[in-house]
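>>> Okay, here's the prediction I keep looking at, along with the sequence it came from:
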Amino acid sequence: MRNKASSLSTSRKPPPAAGVPAALFYAVSGTLLTVIAGLVLVLSMHADIVKLVAPASDRTIAIYETRIADLRTEIDRLNSRQYAREGDINLQVRDLVQQQEDLSEQQHVVRALTRMAEDLGLVAADTPAPQPAAAPIAAKDTAAVSLSDIGTSLTLMKQENASAMASLADLARSASDKVDRTLNDIGIPTDTLSAQGGPFEPASAANASSLTDAANAVALELRRFAVARDAAADAPVHRPLVGSLRMTSPYGVRTDPFVGTKAFHSGLDFAASTGTRVLAAGAGRVSFAGKRSGYGNLVEIDHGDGIVTRYGHLSGILVDVGDKVSTGDLIAKSGSTGRSTGPHLHFEVRRGGKPVDPDAFLKAGRALQAIL
């Protein structure tokens, strides 16, 4: 029986695989079991692992997103600043360009006033008019323009305008004042542009600029000088003879050439051969043309303001009463008619019917010649 049981017990043991060592078999089996167990454990703990890892990932993403947002904000800020700076520069450049163009246009006013002064004889015709400091800059070229260059150009142009305006105004004012004083000294009123008027219109910012005011002031002074010049041109202060004026007898008390006693001479005598052209000493209207005792052939011209000039001892009269004459017009020819010792011109000036010294008028004329 024991042998039979032993035989059965022996038959239950599995025989080892043919050709595979037992140790290797058991090692591989153990490893597989360990891997399977680890996978089961990982799968069972997946949710917990995700919970542990997720907060760290969220924080990292949030940090990156915050940094990206900050960078975007900084970029936008820099872009806005750049745009604002570029816009401000463009506005400044456009403003400066507009100012320069305005000043260039106003330069034409300066040139026009200079030409007016030339026409009035205040400045020589070859006097150069102020030139713009720089040509106007087109708005499309603003990117290549230096703001400081434009500012310098504008400053130079303003200085040139101001200097030109001041010079013209001073020149015209000085000349007008001299004409006024010269004529007023001999009793000829000028009253240049003292009367003013017109409806009141408040000045706007556009027409109240300093340069506009300066241009208007110069134009007013030039008009005043034009009036003064015309007054001087018409005044009876100009030479009454063609050629030299050689005085042979003065105004005032003298020895009478006929009776040899003291007598009053109401004019100036100038040497002149018979037939010398006699000229109107100023503008006016012929009030007498004919014979008069003591004067012989006489022409009398009324110049207004109570002033009359007389031209005596004429050999010929070339005007009629009522004729309007201008300064320098030919009115007669010299001679020796009337109470005269020989050919000459008796030139006389009267104010309010009384004789005054003609020499003062002729001196005024010479002074005005230097001004005009």
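Nice, thanks for sending it over.
>>> Check the gap between Val324 and Ile301 for me.
You called it Val, but residue 324 is Lys. 10 Å (C-beta to C-beta, to the nearest Å). C-beta: built from backbone N, CA, C; applies to glycine.
>>> For Gly338, list the residues it contacts.
Going by C-beta atoms under 8 Å, 6 or more residues apart in numbering, Gly338 touches Lys291, Arg292, Ser293, Gly294, Tyr295, Gly296, Asn297, Leu298, Gly312, His313.
>>> and the fourth one, that's in a helix?
What that stands for is Gly294. No. Counting by DSSP: H, G, I helix; E, B strand; the rest coil, Gly294 falls outside a helix, being coil.
>>> Give me the spatial nearest neighbour of it, chain neighbours excluded.
Once flanking residues are discounted, Gly294 sits nearest to Arg339: 4.8 Å by C-beta to C-beta, 6 or more residues apart in numbering.
>>> again with the first one
Distances taken as C-beta to C-beta, 6+ apart put Asn297 closest to Lys291, at 6.0 Å, once the chain neighbours are dropped.
>>> for Gly275, same thing?
Once flanking residues are discounted, Gly275 sits nearest to Lys333: 5.0 Å by C-beta to C-beta, 6+ apart.
>>> circling back to that earlier point, does the residue nearest to Gly294 belong to a helix, a strand or coil?
coil.
>>> got the contact list for it?
Phe258, Gly294, Tyr295, Gly296.
>>> quick revisit: return the distance of the residue nearest to Gly275 relative to Gly260.
In terms of C-beta to C-beta, Lys333 sits 30 Å off from Gly260.
>>> Settle it for me: which of these two has more neighbours?
With neighbours defined as other C-beta atoms under 10 Å, Lys333 and Gly260 compare such that Lys333 has more, 19 against 8.
>>> my hunch is that that one is in a strand, does that hold up?
Yes. Assigned with three-state DSSP, Lys333 falls within a strand.
>>> So what's the predicted local confidence for it?
pLDDT recorded at Lys333 is 97.
>>> same check, this time on Thr190
Looking at Thr190, its pLDDT stands at 80.
>>> Doesn't it lie inside a strand?
No. Counting by three-state DSSP, Thr190 is located in no strand; its state is coil.
>>> Tell me, how many residues neighbour it?
Quick note: Thr190 (other C-beta under 10 Å) scores 20 neighbours.
>>> Can you show me the strands along the stretch 151-300 of the chain?
247-249, 252-255, 262-265, 268-271, 277-279, 284-292, 296-304 (DSSP state E, counting those that start in this stretch).
>>> mind checking which of these is nearest Ala360?
Smallest distance to Ala360 across those (C-beta to C-beta): 10.7 Å, for strand 268-271.
>>> Check which helices and strands the closest one sits against.
Counting contacts by 3 or more C-beta pairs under 8 Å, 6 or more residues apart in numbering; DSSP states H and E, strand 268-271 is packed against strand 247-249, strand 344-351, helix 358-371.
>>> highest average neighbour count across these?
Counting by mean count of other C-beta atoms under 10 Å, strand 344-351 has the highest mean neighbour count of the helices and strands packed on strand 268-271, with a mean of 23.
>>> Contacts for whatever helix or strand comes next after that one, please.
The helix or strand immediately downstream of strand 344-351 is strand 354-356, counting by DSSP states H and E. Strand 354-356 is contacted by residues Gly187, Tyr251, Ser266, Gly267, Glu348, Val349, Arg350 when judged by C-beta under 8 Å, 6+ apart.
>>> would you list these in JSON lines and tack on distance to Val227?
JSON lines is the format used below for those (distance: C-beta to C-beta, whole Å):
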{"residue": "Gly187", "distance to Val227": "18"}
{"residue": "Tyr251", "distance to Val227": "30"}
{"residue": "Ser266", "distance to Val227": "32"}
{"residue": "Gly267", "distance to Val227": "30"}
{"residue": "Glu348", "distance to Val227": "28"}
{"residue": "Val349", "distance to Val227": "23"}
{"residue": "Arg350", "distance to Val227": "25"}
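>>> With respect to Gly121, which of those is nearest?
Ranked by distance to Gly121 (C-beta to C-beta), the contacts of strand 354-356 are led by Gly187 at 25.2 Å.
>>> Surely that closest one and Arg351 touch.
Yes. Between Gly187 and Arg351 there is a contact at 6.0 Å, judged by C-beta atoms under 8 Å.
>>> anything in contact with each of the two?
With C-beta under 8 Å, 6+ apart, Gly187 and Arg351 have common neighbours Ile307.
>>> hang on, the earlier thing: now the contacts of Arg339: which count as buried?
Tyr295, Gly296 (16 or more other C-beta atoms under 10 Å).
>>> May I see the contacts of Arg339 organised as CSV, with pLDDT and distance to Pro343 added?
CSV is the format used below for the contacts of Arg339 (pLDDT from 0 to 100; distance: C-beta to C-beta, whole Å):
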residue, pLDDT, distance to Pro343
Phe258, 86, 17
Gly294, 92, 17
Tyr295, 96, 15
Gly296, 96, 11
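>>> and the closest residue in space to Ala367 that isn't next to it in sequence, what does it touch?
Here the nearest residue to Ala367 in space, its sequence neighbours aside, is Thr182; by C-beta to C-beta, 6+ apart that works out to 5.2 Å. Thr182 is in contact with Ala232, Ala364, Ala367, Leu368, Ile371, counting by C-beta under 8 Å, 6+ apart.
>>> and which of these is nearest Thr66?
Closest to Thr66, out of all of these and judged by C-beta to C-beta, is Ile371, at 86.6 Å.
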